[in-house]
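Engineer: give the three-dimensional model of this entry:
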Amino acid sequence: MDVLLISTYELGRQPLHLASPAASLRRAGHQVRTVDLAVEDLSDEMIQWAERVAIAVPMHTATRMADQVVGALAGARPGLPVALYGLYSGVSGADVDARFEGEYEPGLLDWASTEAGSESHGTEKGSGPKGLSRHLGRSDLEVPDRIGLPPLDDYARLEVNGTTRLAGAVEASHGCRHRCRHCPIPAVYDGRIRVVPQGHVVDDISNLVAAGATHITFGDADFLNAPPHSLSIIERAHEMYPEVTFDATIKVEHLIDHRSLLPRLADANLLFIVSAFETVDDETLAILDKGHQLADMSRVVQLTREAGIHLRPTWLPFLPWTEPSDLADIFTFLDRHDLVGATDPVQIAIKLLIPRGSLLEDHPAITPHLDGYDEAALSWRWDFADPETALLHEELEAIAANASDCGQETALTLNEMREAVARISGIALEPFRESSPAPRLTESWYCCAEPTGAQAAALQIGRR
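Structural biologist: From the prediction side, this is the model:
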């Protein structure tokens, strides 16, 4: 079978969600071509070549853009079988032939091989959208096959100390042990994780290093979901490539519970940690079931600094009950803890998305605010209780999108945002103290942020 795999957006990374299924399909004897629409065009020739097309939907932004691709494919070649695979395959409202959630490789492989064979791999069929199959069992994964993907030069780089370095991304595990209510992962994995064999991950790192990477992102939902497994991988990789640096995402709760591991992670060249702080309001943190409070966030700042690891917090500032003063509190926290240089502006503009199946759909704090499901936005509609907050969100979102599209300096953007928050909240916010930029990747958009007009316009479909 001639299978075309498509990625629309993967956080500025060379798409692992192309490389992993490509390895399984090629080993089974299928002919596979890949296209990453973030940096490549989808030509008419590719569309005509394919016998089947599968589109990766690992996050909200990618899914919104994938829905456009499905429509374009239907117009260019009616009847071409199309599947979605990844975390958001059950969220998309696109008219496709099959959808694969969870450990998608077995179902995708069966779909490419037969008309209907996903059940042979223990796939659960639910009551969701047409053709939805979920596989959460253990899979025989392959080392990701990155042949044919665009070079690392085309993707986000590590920016540190005024220099940039090529970066790659791997995953040591899938899923998450936790059930944070606003996160899409629990809606699929329900507190489960599936580890990727250590040898596969290390081999993938080796391939990326051979391609020029000197920094590796662990794209796991939480790197310390399986501490012994993850530690063995990063320490083995560091032993093999002592010049390579790493970053990972780790919960506040895990950073406190496993604080004794931070020195080992630092010794293995873990350069920075991304951690989902979300808000400085303890009541909201409890609704989201984050497992931490404001005091824990301050503690984590101290623990990571003592270990010599940079911290990059992520935020979810806008919820139905948010008031402008809540944004002022976040800016005060950033300044007090010297985190301004570690904050991407888009984080200050993110609004809660509630996709189909979210654990928040029936939460009593949320349900009074819901106003129907928006199929195009892939989220429940809701309005701010405070109309001033709606104005503030609109202004901050525009500032963030403009800065992302034109490459504006982070400090300048955050100061624009601070001024808007101070003006609308009526709370005096002093200019930020001078803050040194923390190491970062040059792609500043995040999986839970809605796509900008420029991102959608960048899709090139049906050209030669």
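
Engineer: switch to C-alpha atoms for all contacts and neighbour counts from now on
Structural biologist: Will do.

Engineer: what sits against residue 432?
Structural biologist: 335, 340, 415 (CA atoms under 8 Å, 6 or more residues apart in numbering).

Engineer: I meant to write residue 340 there.
Structural biologist: Residue 340 neighbours (CA under 8 Å, 6+ apart): 334, 411, 414, 432, 435, 437.

Engineer: quick check, pLDDT for it.
Structural biologist: Looking at residue 340, its pLDDT stands at 92.

Engineer: quick check: it vs residue 178, distance?
Structural biologist: 28 Å (CA to CA, to the nearest Å).

Engineer: residue 53 now?
Structural biologist: When CA to CA is applied, the distance between residue 53 and residue 178 equals 33 Å.

Engineer: who's in contact with the strand or helix carrying residue 84?
Structural biologist: Assigned by DSSP states H and E, residue 84 belongs to strand 82-85. With CA under 8 Å, 6+ apart as the test, strand 82-85 has contacts from 52-58, 70, 96-101, 104, 108.

Engineer: quick check, nearest of these to residue 223?
Structural biologist: Checking these against residue 223 with CA to CA, the nearest one is residue 58 at 17.5 Å.

Engineer: and the pLDDT for the residue lying closest to residue 35 once chain neighbours are set aside?
Structural biologist: For residue 35, ignoring the flanking residues on the chain, the nearest one in space by CA to CA, 6 or more residues apart in numbering is residue 6 at 5.1 Å. At residue 6, the pLDDT value in this model is 98.

Engineer: could you do residue 403 as well?
Structural biologist: Value listed for residue 403 in the pLDDT field: 81.

Engineer: pull the number of nearby residues for the residue nearest to residue 30 when sequence neighbours are not counted.
Structural biologist: Among residues not flanking residue 30 along the chain, residue 1 sits closest, at 5.1 Å (CA to CA, 6+ apart). Residue 1 is flanked by 15 other residues according to other CA atoms under 10 Å.

Engineer: rewinding a little: what is the next helix or strand after the strand holding residue 84 packed up against?
Structural biologist: Next helix or strand after strand 82-85 toward the C-terminus (DSSP H and E): strand 98-102. Here strand 98-102 touches strand 82-85, strand 132-135, helix 185-189, going by 3 or more CA pairs under 8 Å, 6 or more residues apart in numbering; DSSP states H and E.

Engineer: adjacent strands (with direction) for strand 98-102?
Structural biologist: The strands beside strand 98-102 in its sheet (DSSP bridges) come out as strand 82-85 (parallel), strand 132-135 (parallel).

Engineer: next one: the first one to chain centre, how far?
Structural biologist: By that I understand strand 82-85. 19 Å (CA atoms, centre = their mean, to the nearest Å).

Engineer: quick one: average pLDDT of that strand?
Structural biologist: 97.

Engineer: now stretch 201-212
Structural biologist: For stretch 201-212, the per-residue pLDDT averages 98.

Engineer: still on that earlier bit, buried ones only from the contacts of residue 340, please, as a PyMOL command.
Structural biologist: Listed next is the PyMOL selection for buried residues among these, using 16 or more other CA atoms under 10 Å:
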select buried, resi 334+411+414+432+437
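
Engineer: kindly reformat the contacts of residue 340 as JSON lines containing distance to residue 221.
Structural biologist: Shown next, in JSON lines, are the contacts of residue 340 (distance: CA to CA, whole Å):
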{"residue": "334", "distance to residue 221": "24"}
{"residue": "411", "distance to residue 221": "28"}
{"residue": "414", "distance to residue 221": "27"}
{"residue": "432", "distance to residue 221": "31"}
{"residue": "435", "distance to residue 221": "28"}
{"residue": "437", "distance to residue 221": "24"}
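
Engineer: which of the contacts of residue 340 lies closest to residue 205?
Structural biologist: Among the contacts of residue 340, and counting by CA to CA, the member closest to residue 205 is residue 437, at 26.7 Å.

Engineer: nearest residue to that closest one other than its sequence neighbours?
Structural biologist: Nearest non-adjacent residue to residue 437 (CA to CA, 6+ apart): residue 341, at 4.2 Å.
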